[in-house]
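J.: sequence and computational prediction follow.
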Amino acid sequence: MNIVEALRLAVNGLVANRLRSALTMLGILIGVGAVILLVAVGNGASAAVQAQIQALGSNLLIVFPSSARTGGVQGGFGSQQTLTFQDVQALNNQSAAPDVVAAIPISNSRGQVVFANQNWNTSVNGTTQAFPQVRNYTVGQGAFFTAEDVTAGRKVAVIGPTVAQNLFVNGEDPLGQSIKINRQLFRVIGVFDSKGAAAFGGNQDDLITVPITAAWAYLSGGRNKNVASIYVEAGSNTTAAKNEVTQVLLDQHKISDPAQADFSVNSQQDIAATASQATGILTILLGAIAAISLVVGGIGIMNIMLVTVTERTREIGIRKAIGARRRDILLQFLIESMFLSGLGGLLGILVGAGGAALLPKLVSALPTPVVSVPSVLLAFGVSVGIGLFFGIYPANRAAALNPIEALRYE
Amino acid sequence: MIVLEGVTKVYRMGSVEVHALRGINLQIAAGEFVAIMGSSGSGKTTLMNLIGCLDQPSSGRYLLDGIDVAELNDNQLAAIRNLKIGFVFQSFNLIPRSSALHNVEMPLIYAGSGDGRRERSLDALQAVGLADRARHQPTELSGGQQQRVAIARALVTDPAVLLADEPTGNLDSESSLEIMKLFAELHQQGRTIVLITHEPDIARFASRVVRVKDGLVQSDTLQAAYAQ
Ligand SMILES: Nc1ncnc2c1ncn2[C@@H]1O[C@H](COP(=O)(O)OP(=O)(O)OP(=O)(O)O)[C@@H](O)[C@H]1O
Ligand SMILES: [Mg+2]
């Protein structure tokens, strides 16, 4: 008996029990669909995070404060504000750090912005005049604030296009307008060009920048001169720049042992690696949860195949009596279970991919799921494999039946 | 050529042993039409299953065309059941939810013969007068028709030996007569036929009658004037 015949027999067997076949398939369908969808969500998150990191630019270094080790006691991440404005100035010293193009401090917080009767909540960043250069922003209308504005601590602001749209709803010219940031009046002197929406929920156009000195004086109540992070634009040699930044900051902080550093210098690659590790774990976790339902579906197939074999014992006896060999019977039931799981898997792929396409429309905050071809192939292969694995035992039982006993079975 | 030498069959059910056959000696030459008779429980079906290679004797030898069946493996036995022997069961034993045609095709499918399968199956159905019922499911056929489909299935591979276990047991006398005429015809064509029956009316179609009692051959008579 050839494969085509075996397939025909198997399909006949399945069609004869339509409802049961459909329900069994549903188990695999849900399992495969869940794997495809959840892995796609994981991949989507990972792709979005990577895209955002990529958007930072490959020559960007970010310095974060990290837990300072004092007397063997380690504080939590960012538990101490160890970065200062002097650090930034030291990094901008060409002789100490020749591979650093520019360094800027960022002191950021959420702020309530008011113009006329319009309100908007956005990210307010205290920084210096080199911000557009380091962060790849261009100012479309007006101009960015100058070094002099920073020194003098002037209450001027450059706003992102999203902020402009939400404050100046009547089409007023933003330039020269006074807006209130946390009840303090600032004058708008520039509007950034749009950088487009960032992939992962964030919006790079939704921000305000002010001189860091003004932020300290008016927005944080003059209490501390906090520098949350330092962004460094490196020259062509990122590695050299990273070493220089580390050395300069160690000197600044009077730390001799680099292992005791109270800051961390991260290149785009470092951040990308950490992020992809985290999102990779997320993807694996989601996939594993879905895989459990696939196993449950497989057990469903085995269950139904055992019932089928028992139910059709007499039929198996007849087939053997008229010349079916062991492998003919084995093949018939194996193909039946593989056909069930394979078709269930194919439908599951359609459902999973369809769900992945539909999900962003239902939950807008979610990053666009990315259905990966390997996950589709794997899911299909695994589902056929499940049919094979869970079908072997029942099929073997059928094939091993003694024809006389099978014929006597009621 | 069927040769049974001192064949016994013992069924064990727990500690109880049932001696279904106690030493059968029997030779059936090619082209014979043998009727096996005997009371219920005498071992007729057991004997038939052995001849049909569905089962193996507990002791003694069974030679089919000179080959000791005990020495054949599973696949070889399946091939014999498929090609050499046509089996008609007492209880029809058609495959449910499959058309008459598909049932008749089944032995050819297992034989792996693709060419002309459809035609050969239709011919076999034609031979039993059921060409117009090819697409019917077993449940849509009368008892006599189902039995004729079973006969067509036994005939389709053109086997040398036809074994029938009470093929008319479930049929009315008119259908029985039709079926027996069919067997007589097949016998005329040169096939070896072994048929189990309780009814003398049926046995008179055979050229030889073997009576079995308590697992032994009780009598073995040739019928010169069998019905044709
Ligand atoms: N699988 C089995 N297990 C145990 N005993 C069996 C089995 N098959 C048959 N027997 C016993 O063997 C004996 C012969 O049975 P068999 O079926 O050959 O009788 P038979 O002559 O065909 O009877 P009938 O005319 O009623 O069909 C009976 O006593 C029966 O109980
Ligand atoms: Mg019987």
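T.: That came through fine. Ligands and ions are numbered 1, 2, ... in the order given.
J.: ramachandran angles for residue 60?
T.: Using chain A here. phi -100, psi 140 (degrees, to the nearest 10).
J.: let's do chain B instead
T.: With angles defined as degrees, to the nearest 10, B:Gly60 shows backbone torsions of phi 90, psi 180.
J.: also A:Ile62?
T.: A:Ile62 adopts backbone torsions of phi -120, psi 130, taken as degrees, to the nearest 10.
J.: who's in contact with it?
T.: By C-beta atoms under 8 Å, 6 or more residues apart in numbering or on different chains, the contact set of A:Ile62 is A:Leu56, A:Ser229, A:Ile230, A:Tyr231, A:Val232, A:Val265, A:Asn266, A:Ile271. In this view, the C-beta of every residue, glycine as well, is placed from N, C-alpha and C.
J.: which one of those sits in the busiest neighbourhood?
T.: A:Val232 (27 neighbours; other C-beta atoms under 10 Å in any protein chain shown).
J.: quick one: the closest residue to that residue other than its chain neighbours from A:Ala261, how far?
T.: Nearest residue to A:Val232 in three dimensions, chain neighbours excluded: A:Leu61, at 4.1 Å (C-beta to C-beta, 6 or more residues apart in numbering or on different chains). Distance of A:Leu61 to A:Ala261, given as C-beta to C-beta, to the nearest Å: 14 Å.
J.: neighbour count: these two, which is higher?
T.: A:Leu61 (26 against 18).
J.: partners of the longest strand anywhere in chain A in the sheet?
T.: In chain A, taking DSSP state E as the definition, the longest strand is strand A:100-115. Next to strand A:100-115 in the sheet, as set by DSSP bridges, lie strand A:118-127 (antiparallel), strand A:178-181 (antiparallel), strand A:229-234 (antiparallel).
J.: chain center to the following helix or strand past the second one: distance?
T.: Along the chain past strand A:178-181, the next helix or strand (assigned with DSSP states H and E) turns out to be strand A:184-192. The gap between the average C-alpha position of strand A:184-192 and the chain average comes to 34 Å, counting by C-alpha atoms, centre = their mean, to the nearest Å.
J.: state the mean pLDDT of whichever helix or strand comes after strand A:184-192.
T.: Moving toward the C-terminus from strand A:184-192, the first helix or strand encountered (DSSP H and E) is strand A:207-211. The pLDDT scores in strand A:207-211 average 95.
J.: now do stretch A:388-401
T.: On average, stretch A:388-401 scores 90.
J.: is ligand 1 contacted by it?
T.: No: Stretch A:388-401 does not reach ligand 1 (C-beta under 6 Å from any ligand atom); its nearest approach is 13.7 Å.
J.: what's that stretch in contact with?
T.: Stretch A:388-401 is contacted from outside by A:298-299, A:301-302, A:305-306, A:308-309, A:312-313, A:316-317, A:320, A:326-327, A:329-334, A:336-338, A:341, using C-beta under 8 Å, 6+ apart.
J.: swap in stretch A:25-38?
T.: With contacts defined as C-beta under 8 Å, 6+ apart, stretch A:25-38 is touched by A:286-287, A:289-291, A:293-298, A:300-301, A:340-341, A:343-345, A:347-349, A:351-353, A:355-356, A:359, A:369, A:371, A:375-376, A:379-380, A:382-383, A:386-387.
J.: pretty sure A:Arg240 sits against A:Leu61.
T.: Check again: residue A:240 is Ala, not Arg. No: counting by C-beta atoms under 8 Å, A:Ala240 stays clear of A:Leu61, with 11.1 Å between them.
J.: now the common contact residues for the two.
T.: A:Ala234.
J.: mind listing the strands for the chain?
T.: Answering for chain A, as no chain was given. A:60-65, A:69-70, A:73-74, A:100-115, A:118-127, A:139-142, A:156-159, A:178-181, A:184-192, A:207-211, A:229-234, A:263-267.
J.: you answered for a different chain; I wanted chain B.
T.: Secondary structure of chain B (DSSP E): strands at B:2-13, B:16-28, B:33-37, B:59-64, B:67-68, B:85-88, B:161-165, B:192-196, B:208-213, B:216-222.
J.: pick the most deeply packed of these.
T.: Across the strands of chain B, averaging neighbours per residue (mean count of other C-beta atoms under 10 Å in any protein chain shown) puts strand B:85-88 on top, at a mean of 26.
J.: show me the contacts for the residue in chain B that chain A sits nearest to.
T.: Proximity of chain B to chain A (C-beta to the nearest C-beta) peaks at B:Asn82, 2.4 Å away. Contact partners of B:Asn82, counting by C-beta under 8 Å, 6+ apart, are A:Ile322, A:Gly323, A:Ala324, B:Pro107, B:Tyr110, B:Ala111, B:Thr157.
J.: gap between the closest residue to B:His136 other than its chain neighbours and B:Gly129?
T.: The shortest distance from B:His136 to any non-neighbouring residue, by C-beta to C-beta, 6+ apart, is to B:Ala100 (5.4 Å). The gap separating B:Ala100 from B:Gly129 is 12 Å, by C-beta to C-beta.
J.: same question, A:Gln204
T.: Computed as C-beta to C-beta, the A:Gln204 to B:Gly129 distance reads 85 Å.
J.: now A:Arg183
T.: Counting by C-beta to C-beta, the gap from A:Arg183 to B:Gly129 is 104 Å.
J.: of these two, which one has the most company?
T.: Just comparing A:Arg183 and B:Gly129: by other C-beta under 10 Å the higher neighbour count belongs to B:Gly129, 13 against 10.
J.: and the residue nearest the centre of chain A?
T.: A:Ala45 (2.0 Å; C-alpha atoms, centre = their mean).
J.: kindly list the main-chain dihedrals of A:Gln204?
T.: phi -70, psi -10.
J.: per-residue confidence for residue 1?
T.: Reading this off chain A. Taking A:Met1 on its own, its pLDDT is 64.
J.: if you could check chain B rather than the one you did, that'd help
T.: For B:Met1, the predicted pLDDT is 86.
J.: run a quick neighbour tally on it.
T.: Neighbour count of B:Met1, defined by other C-beta under 10 Å: 14.
J.: and if you look at A:Leu250?
T.: Using other C-beta under 10 Å as the criterion, A:Leu250 is surrounded by 17 other residues.
J.: ok, it touching A:Val265?
T.: No: counting by C-beta under 8 Å, A:Leu250 does not reach A:Val265; the two are 10.4 Å apart.
J.: coming back round to it: verify the stated contact: the residue nearest to B:His136 with B:Val149.
T.: Yes: with contact defined as C-beta under 8 Å, B:Ala100 counts as touching B:Val149 (4.7 Å).
J.: for the residue nearest to A:Gln94 when sequence neighbours are not counted, give me its contacts.
T.: Nearest residue to A:Gln94, sequence neighbours excluded (C-beta to C-beta, 6+ apart): A:Val100, at 7.9 Å. Residues counted as contacts of A:Val100 (C-beta under 8 Å, 6+ apart) are A:Leu91, A:Asn92, A:Gln94, A:Val232, A:Glu233, A:Ala234, A:Gly235, A:Ala241, A:Glu244, A:Val245.
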